[in-house]
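**Q** need coordinates for the below:
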Amino acid sequence: MPHAQFDPTARQALAVTAVDAKTRKDLSWQQLADAAGLSVAFVTAALLGQHALPETAAKAVAGLLDLDEDAVRLLQTVPTRGSIPGGIPTDPTIYRFHEMLQVYGTTLKALVHEQFGDGIISAINFKLDVRKVADPEGGERAVITLDGKYLPTRPF
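**A** Numbering: from 1, shown residues only. Now for the predicted structure:
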């Protein structure tokens, strides 16, 4: 039976412990995802406290990170989501995503509604991919794919 968290404090502390262990063991997010048998985006989000992991995945990553049974149990609980505290983010990478939504949020909304109608893009039935590609003008580019199911608004 799934259990939910009421207070995100324990999961936040576990995220700190998991990241510390990942760093000490010189593991990549991809290595942890491979052990879990899930996507790198999902496992990373889970270890940072934003998703619950299935039991086998929780045990696999806990084994690599030397986490105890309490951590395995906690990794399986449905978290209190939301990793960015209120206000404008100050971390430069997170701020740029905030800036992108400030600039393109209304454009995305207009295009989604024009193509799909009144509704939302699910963040639950969702896939995320981040890839590094060569920039033809030199350097590198980040290709970020947000792939969510469209859910129409239904009058009642």
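**Q** for V43, which non-adjacent residue is spatially closest?
**A** If the residues on either side of it in the chain are set aside, V43 comes closest to A33, at 4.1 Å by Cβ to Cβ, 6 or more residues apart in numbering. For every residue, glycine as well, the C-beta is placed using N, CA and C.
**Q** quick check: buried residues in the helix or strand harbouring the one you found?
**A** A33 belongs to helix 29-36 when assigned by DSSP states H and E. Of the residues in helix 29-36, Q31, L32, A33, A35, A36 count as buried by neighbour count, 16 or more other Cβ atoms under 10 Å.
**Q** looking at those, which is nearest H113?
**A** Distances from H113 to these, taken as Cβ to Cβ, are shortest for A33 (33.9 Å).
**Q** what's the helix holding A33 packed up against?
**A** Packing contacts for helix 29-36, counted by 3 or more Cβ pairs under 8 Å, 6 or more residues apart in numbering; DSSP states H and E, involve helix 40-47, helix 55-65.
**Q** tell me how far the longest helix along the chain lies from the chain's centre.
**A** In the chain, assigned by DSSP state H, the helix with the most residues is helix 92-116. The chain centroid and the centroid of helix 92-116 are separated by 18 Å, computed with Cα atoms, centre = their mean, to the nearest Å.
**Q** same deal with stretch 140-151?
**A** When C-alpha coordinates are averaged (Cα atoms, centre = their mean), stretch 140-151 and its chain have centres 12 Å apart.
**Q** returning to that earlier point: buried residues in the longest helix of the chain?
**A** Those would be V112, for helix 92-116 by 16+ other Cβ under 10 Å.
**Q** by contact count, what packs against that helix?
**A** strand 119-134, strand 140-152.
**Q** next, the contact list for the spatially most central residue of the chain, please.
**A** In the chain, the C-alpha nearest the mean C-alpha coordinate belongs to A45, at 3.3 Å (Cα atoms, centre = their mean). By Cβ atoms under 8 Å, 6 or more residues apart in numbering, the contact set of A45 is H51.
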